[in-house]
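> structure, please.
(one chain, ligands or ions: 2)
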Amino acid sequence: MSTSLFNSVYFDRGCSWKGEVKSSKLGKRNCHRLYVGRSTALSPRSLKIRNSKQEKDVRVALLGASGYTGAEIIRLLANHPFFGITLMTADRNAGKSMESVFPHFITQKDLPILVSSNDASFSDVDAVFCCLPHGTTQEIIKALPKGIKIVDLSADFRLRDISEYQEWYGQPHRATDLQVEAVYGLTEIFREEIKNARLVANPGCYPTSIQLPLVPLLKAKLIEYKNIIIDSKSGVSGAGRGAKVANLYTELTEGIMSYGVTRHRHVPEIEQGLSDAARSKVTVSFTPHLMPMSRGMQSTIYVEMASGVTAEDLYQQLKVSYEDEEFVKLLEKGVVPRTHDVRGSNYCYMNVFPDRISGRAIIISVIDNLVKGASGQALQNLNIMMGFPENTGLRYLPLFP
Ligand SMILES: NC(=O)C1=CN([C@@H]2O[C@H](COP(=O)(O)OP(=O)(O)OC[C@H]3O[C@@H](n4cnc5c(N)ncnc54)[C@H](OP(=O)(O)O)[C@@H]3O)[C@@H](O)[C@H]2O)C=CC1
Ligand SMILES: CC(=O)N[C@@H](CCC(=O)OP(=O)(O)O)C(=O)O
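Numbering: from 1, shown residues only. Ligands and ions are numbered 1, 2, ... in the order given. Alright, predicted model coming up:
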């Protein structure tokens, strides 16, 4: 499918089309035939009509489908009217059906069988979600046909400086020409760049929860560039599905574990984003913790405010920055964000509190690491890259309790 067909379509965050699609080369699989014409509302009814396998227009491949983020994309795409999964790869699970790997997919009989990367054919693929471990991704993406849009959930294309990649990931970058092309996919900040990207580097879960509140504050010069202290907590699904002793129930339950202390590999990604926002070098102290919960992430961020700035100024800045955003919500003053309240959804909830110590403030943000921290944001990005409403397939309410 020619993605340029979507260039004249754009979406205004209230779920209405404002562009007009003029031509089609898609024949029977034409994905915009229902939308020709100006300001056509994308009603729930039209979504429902198009929610059958035959009607899905963009052929999506999931690389690393048998992992947690792959499974989460399958869950989200089950309600996506335009994206149909035509190829799924796995490593140890190659040759199996998805329902044998994840029994909760027993109803999804249309899913293709998992194949190994070597056996994958991309001739019928328009877009790829790459859910592979970092380090395995660059060579695989390099070999993909050029017309395919890619959202990479791994860390392999997030760092602009390839020497930094080598330093923090312990291996040389193997696709440096693609690194130059990659757009960093923090959706609410880089939406315009994402529209025309071929390769989007989806942010890490911790960097998403941290940059969303801090980028607007640094851009507005409301907080100091130094003495930013970040304490983050993650559900265990953040570590992927591969068996590790440290992630056994017995090791995790009824306790908290700090890890990556002083040297977690997300530090350069966080500092890159924050330094870009500040237009000056920003450094952070960052400590992640593993929590005895399956999904969810909280970042508690301690900042020093610029001279004369109050916590109320920070609150007002975040209010202005995110008031039109569907997936980023500043809570009412004094309300504490909880991971429970975003579970299973693409939301980031945040709030700002004045510290007892004068001149300091405490910011709390929460996301679901598998949704806004990975697969949800990836889908938000691919929607944008393909010219669809960015919330398509993402309007899940949080799962509570
Ligand atoms: N989990 C999270 O919350 C987040 C994860 N990410 C990133 O997304 C990516 C996927 O994460 P996640 O789904 O949790 O990981 P998982 O470990 O759960 O899944 C990894 C997937 O990659 C496949 N795989 C493993 N090794 C290879 C290889 N050498 N060649 C080809 N395929 C391989 C696995 O196949 P098989 O199962 O058959 O072995 C599986 O399908 C990672 O880069 C991760 O860092 C990003 C943000 C958040
Ligand atoms: C709990 C846990 O182990 N979390 C992972 C981060 C998950 C994530 O965002 O990772 P990527 O950068 O690989 O995409 C970690 O600390 O490495």
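
> can you name the residue of the stretch 201-350 of the chain nearest ligand 1?
Each residue of the stretch 201-350 of the chain has a distance to ligand 1, by Cβ to the nearest ligand atom, and the smallest belongs to residue 240, at 2.8 Å. Bear in mind the C-beta positions are built from the backbone N, C-alpha and C, glycine included.

> err, the chain, not the other one
Closest to ligand 1 within the chain is residue 67: 1.9 Å, counting by Cβ to the nearest ligand atom.

> contacting residues for that residue?
For residue 67, the set of contacting residues under the criterion of Cβ atoms under 8 Å, 6 or more residues apart in numbering consists of 131, 240, 241.

> in space, what's closest to the first one - neighbours in sequence excluded?
Which is residue 131. Counting by Cβ to Cβ, 6 or more residues apart in numbering, residue 64 is the residue found nearest to residue 131 once chain neighbours are left out, at 3.6 Å.

> for that neighbour, what are its contacts?
Neighbour list for residue 64: 70, 89, 90, 91, 130, 131, 132, 133 [criterion: Cβ under 8 Å, 6+ apart].

> rerun that using 10 Å as the cut-off
Shown here is residue 64, whose contacts under the criterion Cβ atoms under 10 Å, 6 or more residues apart in numbering are 70-71, 73, 88-91, 93, 114, 117, 129-133, 136-137, 140, 153-154, 240.

> buried among those residues? Make that a ChimeraX selection.
For selection in ChimeraX, the members of the contacts of residue 64 meeting the burial criterion (16 or more other Cβ atoms under 10 Å) are listed in this command:
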select :70,71,73,88,89,90,93,114,117,129,130,131,132,136,137,140,153,154
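
> tell me which of the contacts of residue 64 fall in helices.
Judged by DSSP state H, the contacts of residue 64 include 70, 71, 73, 137, 140 as members of helices.

> out of those, which is nearest to residue 161?
residue 137 (17.7 Å; Cβ to Cβ).

> for residue 288, see how far away that closest one is.
Between residue 137 and residue 288 the distance, using Cβ to Cβ, to the nearest Å, works out to 22 Å.

> please apply the same query to residue 107.
35 Å.

> which of the two has more neighbours?
Applying other Cβ atoms under 10 Å to residue 107 and residue 288 shows that residue 288 carries more neighbours, namely 22 against 8.

> wait, a helix at that one?
No. Remark: residue 288 does not belong to a helix; assigned using DSSP: H, G, I helix; E, B strand; the rest coil, it is strand.

> surely it meets residue 235?
No. Between residue 288 and residue 235 there is no contact, the gap being 11.5 Å when judged by Cβ atoms under 10 Å.

> return every residue with contacts to both of those two.
With contacts defined as Cβ under 10 Å, 6+ apart, the residues shared by residue 288 and residue 235 are 205, 297.

> picking up where we left off before, tell me which of the contacts of residue 67 fall in strands.
The strands in this structure, assigned by DSSP state E, contain none of these.

> how much space between residue 106 and residue 99?
Distance of residue 106 to residue 99, computed by Cβ to Cβ: 5 Å.

> which one's more surrounded, the two?
The residue with more neighbours, out of residue 106 and residue 99 and counting by other Cβ under 10 Å, is residue 99; that gives 14 against 11.

> mind pulling up the pLDDT for the more buried one?
The predicted local distance difference test score for residue 99 is 97.

> so when I look at it, I'm seeing a helix, right?
Yes. Judged by three-state DSSP, residue 99 forms part of a helix.

> in this structure it contacts residue 107, no?
Yes. Contact between residue 99 and residue 107 holds when scored by Cβ under 10 Å: they sit 8.3 Å apart.

> residues contacting residue 325?
With contacts defined as Cβ under 10 Å, 6+ apart, residue 325 is in contact with 13, 187, 188, 191, 212, 347, 348.

> please pick the buried ones from those.
Listed as buried from these are 187, 188, 191, 212, 347, 348; burial here means 16+ other Cβ under 10 Å.

> show me which pair in the residues you listed is furthest apart.
Checking these against each other with Cβ to Cβ, the farthest-apart pair comes out as 191 and 347, at 16.8 Å.
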